[in-house]
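>>> What follows is a protein structure lacking sequence information:
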């Protein structure tokens, strides 16, 4: 009896400890970033392009990287939504339950999910060399799309599988075709789709390895798909590599910008999701 | 005898059957009715429905009763071809709806389903407003005029007695309705596609007694215009509202007959045992 009591206590301590460790890590990261970055975070950082000698401590900001990151993530989101949604609907509603093909697809997604981003970067680079494209916005968009597609598909697939069979059955028994059925189901799945998109954005916008060779880096804002584009993770990387302490602190300021950018994207996505899905059952 | 295991028809020496024969069988078949011949359903290797022969009379309520797992719901799904969605299900036999074999060639599944309004066990409103729920069917079947749709929606909401309860919030989400209201909404939604048959798959089993009563009253009202086929496992409900009873056990039809006769004077031993509650 006493043993059981101790068991209970020990497990409670382990569980609370685990929760505290996670919280601690989060607070430590955000704390460091803000402590070091906040003093360097000026209006110039988000409104100006890097001037000459920016990486040696001269004037300028990281507007090129902010805009570049947004371009790349929006472009790659568009591509991956256009491919993910049809694929997930196909394996869930057109193929029979647990068919061989859907098993194969889910298995490949799991593998792609685990492929490190540098491999996507190398693959994207090889593809671009083959096609004769130089480091450019379009190269970055395609490579990041490849990186985030498995994430989006897998998480959308999870919520779709959890959907009760009642809704599809109700729609079909009303005489809806499968396409009409899927249009209604997507409304029901909207929050799940938003979550999938957010996970993908979080991974895609913060990844440096995929864009290193494919999007390249520039101090300007790209005006066409064929021009190279800067990204926030690479901008942080280059600034951290500077021997000047001031520039290193700007790297932390850029990290704040990246974090806030992701937060803004999440909150607005959540907001629109709740607006769209007010009729959800 | 309108509703029967067709083999029984041939044994017409039974006086009860002689009496029922006065109802012209031909008329029933030519009008809206469902006639099932030699229906067998297999799910993977399991033989779920075994040689079903049945005629369901028009404009009345037919209740299918039987213990769980006897194939009631599977049977109901064969009537609107919902088994098409599960490839493991193999069906042989003929199901004539309005004299057309719905498992024949060149049959449009959508048209078949349009003839059948299905009321499921749990209400499943579509993720849209109350209005759009009812308007959904007419819209996908090509009705575009706003006025016509408005009229249809109001008409069927009134028919199921929901109009007065929701008229102020017709544009708000259907999920905010109580579960009993949702079930009536689902009925209105099914009626709006203008079916000829109403199928109910234990349509009241998730509802409270009051909502159940409302749905039962609606079924009784519905049989004036529609042929109603209900699966139920509450005998009392069958007794209250059915005109005809079909008793199934282990995938076979054991006994069929008009409600009163079925409950007061069951012919088969198995039926008597089931009615007395020896098994369920």
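Sure thing, it's come through. Just so we're clear, the structure is a prediction, and the values are computed from it rather than from any experiment.

>>> Which parts of the chain are strands?
You didn't pick a chain, so chain A it is. Under the criterion DSSP state E, chain A contains no strands.

>>> actually chain B
Going by DSSP E, chain B shows strands at B:34-43, B:46-56, B:61-65, B:89-97, B:100-101, B:116-119, B:197-201, B:227-231, B:244-249, B:252-258.

>>> Can you tell me which of those is nearest to chain A?
Ranking the strands of chain B by proximity to chain A (C-beta to the nearest C-beta) places strand B:116-119 first, at 3.9 Å. Every residue, glycine included, has its C-beta placed from N, CA and C.

>>> Tell me, how many residues neighbour residue 134?
Let's take chain A. Counted with other C-beta atoms under 10 Å in any protein chain shown, residues neighbouring residue A:134 total 12.

>>> nope, chain B
Neighbours around residue B:134, by other C-beta under 10 Å: 31.

>>> Setting aside sequence neighbours, what's the nearest residue to it?
With C-beta to C-beta, 6 or more residues apart in numbering or on different chains as the criterion, residue B:134 has its nearest non-adjacent residue at 4.4 Å, and that residue is residue B:153.

>>> Same question for residue A:34.
Nearest residue to residue A:34, sequence neighbours excluded (C-beta to C-beta, 6+ apart): residue A:256, at 6.4 Å.

>>> which parts of the stretch 151-280 of chain B sit against chain A?
B:173-175, B:186, B:189-190, B:193 (C-beta under 8 Å from any C-beta of the partner chain).

>>> and if we set it to 7 Å?
When proximity is defined as C-beta under 7 Å from any C-beta of the partner chain, the stretch 151-280 of chain B approaches chain A at B:173-175, B:189, B:193.

>>> can you put the strands of chain B in CSV and add mean neighbour count and mean pLDDT?
Shown next, in CSV, are those (neighbours: other C-beta atoms under 10 Å in any protein chain shown; pLDDT from 0 to 100):
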stretch, mean neighbour count, mean pLDDT
strand B:34-43, 18, 92
strand B:46-56, 19, 91
strand B:61-65, 26, 94
strand B:89-97, 17, 91
strand B:100-101, 13, 89
strand B:116-119, 26, 90
strand B:197-201, 23, 93
strand B:227-231, 25, 93
strand B:244-249, 24, 92
strand B:252-258, 22, 92
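
>>> Can you say which of these is nearest to residue A:171?
strand B:116-119 (10.7 Å; C-beta to C-beta).

>>> What strands flank that closest one, and is each parallel or antiparallel?
Each strand that pairs with strand B:116-119, with its direction, by DSSP bridges: strand B:197-201 (parallel).

>>> could you give the angle of the partner strand to strand B:61-65?
Relative orientation of strand B:197-201 and strand B:61-65, computed by axes from the mean of the first three to the mean of the last three C-alpha atoms, to 10 degrees: 30 degrees.

>>> Spatially nearest residue to residue A:112 (excluding sequence neighbours)?
Leaving out its chain neighbours, the residue that sits closest to residue A:112 by C-beta to C-beta, 6+ apart is residue A:150, at 3.9 Å.

>>> so what's the one you found up against?
A:109, A:112-113 (C-beta atoms under 7 Å, 6 or more residues apart in numbering or on different chains).

>>> neighbour-wise, which of those residues leads?
Neighbour max across these (other C-beta under 10 Å) = residue A:109, 21 neighbours.

>>> Looks like that residue contacts residue A:155 (just checking).
No: counting by C-beta atoms under 7 Å, residue A:155 is not a contact partner of residue A:109; they are 10.2 Å apart.

>>> Okay, the residue nearest the centre of chain A and chain B: tell me how far apart.
For chain A, residue A:201 is the residue whose C-alpha lies nearest the centre (C-alpha atoms, centre = their mean; 2.2 Å). According to C-beta to the nearest C-beta, to the nearest Å, residue A:201 stands 24 Å off from chain B.

>>> who's in contact with that residue?
Listed by C-beta under 7 Å, 6+ apart, the contact set of residue A:201 reads A:73, A:77, A:262, A:265.

>>> cool, and residue B:180?
Counted by C-beta under 7 Å, 6+ apart, residue B:180 has contacts B:207-208, B:211, B:214.

>>> top of these by neighbour count?
Using other C-beta under 10 Å as the neighbour test, the contacts of residue B:180 are led by residue B:207, with 22 neighbours.

>>> OK, contacts around it?
For residue B:207, counting by C-beta under 7 Å, 6+ apart, the contacting residues are B:179-180, B:183, B:215.

>>> With distance to residue A:125 as added columns, please give those in CSV.
Converted to CSV, these look like this (distance: C-beta to C-beta, whole Å):
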residue, distance to residue A:125
B:179, 57
B:180, 62
B:183, 59
B:215, 64
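
>>> Leaving out chain neighbours, which residue sits closest to residue B:40?
residue B:92 (4.9 Å).

>>> Would you map the helices across the stretch 1-150 of chain A?
A:2-37, A:43-47, A:63-89, A:100-114, A:117-131, A:137-162 (DSSP state H, counting those that start in this stretch).

>>> Out of those, which gets the lowest mean score?
With a mean of 88, helix A:43-47 has the lowest mean pLDDT of these.

>>> in it, what counts as buried?
Buried residues in helix A:43-47, counted by 16 or more other C-beta atoms under 10 Å in any protein chain shown: A:45-46.
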